[in-house]
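S.K.: fold the stuff below for me.
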Amino acid sequence: MIYSMTGYGKAIGEINNKKITVEVKSLNSKQLDISTRISSFYREKEMEIRSLISQKLERGKVDFSLYIDNSGKESNLKINLNIVKSYYEQLQELSKETGIPETQDWLAVLLRMPDTMKTEMEELDESEWMEILKLIDAALNQVIEFREQEGSALEKVLIEKINRIGELLVDIEPFENERVEKIKSRLEENLQSISDKIEYDKNRLEQELIFYIEKLDVNEEKVRLKNHLDYFTSTMKSEISAGKKLGFIAQEIGREVNTL
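M.R.: Model prediction:
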């Protein structure tokens, strides 16, 4: 079965008030080349994600994305109340000591100060991660299905071409016999035209003619070509990721066709 290296998959799920989107794109590449864009909350799982991709997709340039859309009211970004209060008290004290008038918009000033906002990192829940793995697996399966469909279309075209070469191989047989007879007749006519002018060893000439006509025989090339056609078809149907092997067989087919 032929698999294309081009594919696309996307899976979306709602987990703990978060909308999780997994997207996978795959293009042609001689090796497996993985690029990832993963939300920082799941960054620690990158190696596990890469391992899963390499198991599912053997080759191709793969772009993997894992997005989060937090639909809940809770946010990991919090105001650091202690620091804000400390800034406020210090600024009031500074205003009294220097005579600089206090601002009417303390909140805008305070929130621009360093470290007034803090991020409270949550620990990744294992049950949540298991659900995300299901989304990743679903997206990768879509990529495989996409590759299989495209590969099936390509396989159909290749089989048509291989079968057509096989049909033409049968069609050349009448021309092959006609060609040999024409060459033999032409040689006999040329010999008759010079027989009264020069002397030659008829036995030796007959041997040379037999040798020459044998060289005109293309049965060996026909047998090899037929074998290459069968081998190409069987390899295409029985092996996965056989692109290099099929390329080599196609070269051999081309050589035999050129000889014929």
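
S.K.: Glu123: helix or strand, and which one exactly?
M.R.: Secondary structure from DSSP states H and E places Glu123 outside every helix and strand.

S.K.: burial count for it?
M.R.: By other CB atoms under 10 Å, 6 other residues sit near Glu123. In short, each C-beta sits where N, CA and C put it, glycine included.

S.K.: check it and give its pLDDT.
M.R.: pLDDT, Glu123: 70.

S.K.: next one: Ser75
M.R.: Reported pLDDT at Ser75 in the predicted model: 55.

S.K.: same thing with Gln149?
M.R.: Predicted confidence (pLDDT) for Gln149: 92.

S.K.: beyond the host helix or strand of it, next helix or strand please.
M.R.: Secondary structure from DSSP H and E places Gln149 in helix 126-171. Using DSSP H and E, the next helix or strand after helix 126-171 towards the C-terminus is helix 173-194.

S.K.: ramachandran angles for Leu27?
M.R.: Per-residue torsions, Leu27: phi -130, psi 180 (degrees, to the nearest 10).

S.K.: for it, give the beta-bridge partners.
M.R.: Counting by DSSP bridges, Leu27 is bridged to Lys61.

S.K.: and the helix holding Gln149, what does it pack onto?
M.R.: Other elements packing on helix 126-171 under the criterion 3 or more CB pairs under 8 Å, 6 or more residues apart in numbering; DSSP states H and E are strand 7-15, strand 18-27, helix 46-56, helix 219-238.

S.K.: repeat the analysis, applying 10 Å as the threshold.
M.R.: strand 7-15, strand 18-27, helix 46-56, strand 60-70, helix 219-238, helix 243-259 (3 or more CB pairs under 10 Å, 6 or more residues apart in numbering; DSSP states H and E).

S.K.: among those, which comes closest to Ile83?
M.R.: Taking CB to CB, strand 60-70 is the member of the helices and strands packed on helix 126-171 nearest to Ile83, at 24.4 Å.

S.K.: go through that closest one and flag the buried ones.
M.R.: By 16 or more other CB atoms under 10 Å, the buried positions in strand 60-70 come out as Gly60, Lys61, Val62, Asp63, Phe64, Ser65, Leu66, Ile68.

S.K.: how far does that strand sit from its chain's centre?
M.R.: From the chain centre to the centre of strand 60-70 is a distance of 17 Å (CA atoms, centre = their mean, to the nearest Å).

S.K.: just to revisit the earlier point, tell me which of the helices and strands packed on helix 126-171 lies nearest to Leu169.
M.R.: The minimum distance between Leu169 and the helices and strands packed on helix 126-171 falls on helix 219-238, with 6.1 Å, by CB to CB.

S.K.: what inclination does that closest one have with respect to helix 243-259?
M.R.: Counting by axes from the mean of the first three to the mean of the last three CA atoms, to 10 degrees, helix 219-238 points 160 degrees away from the direction of helix 243-259.

S.K.: helix 219-238 to helix 126-171, inter-axis angle?
M.R.: Helix 219-238 runs at 160 degrees relative to helix 126-171, counting by the same axes, to 10 degrees.
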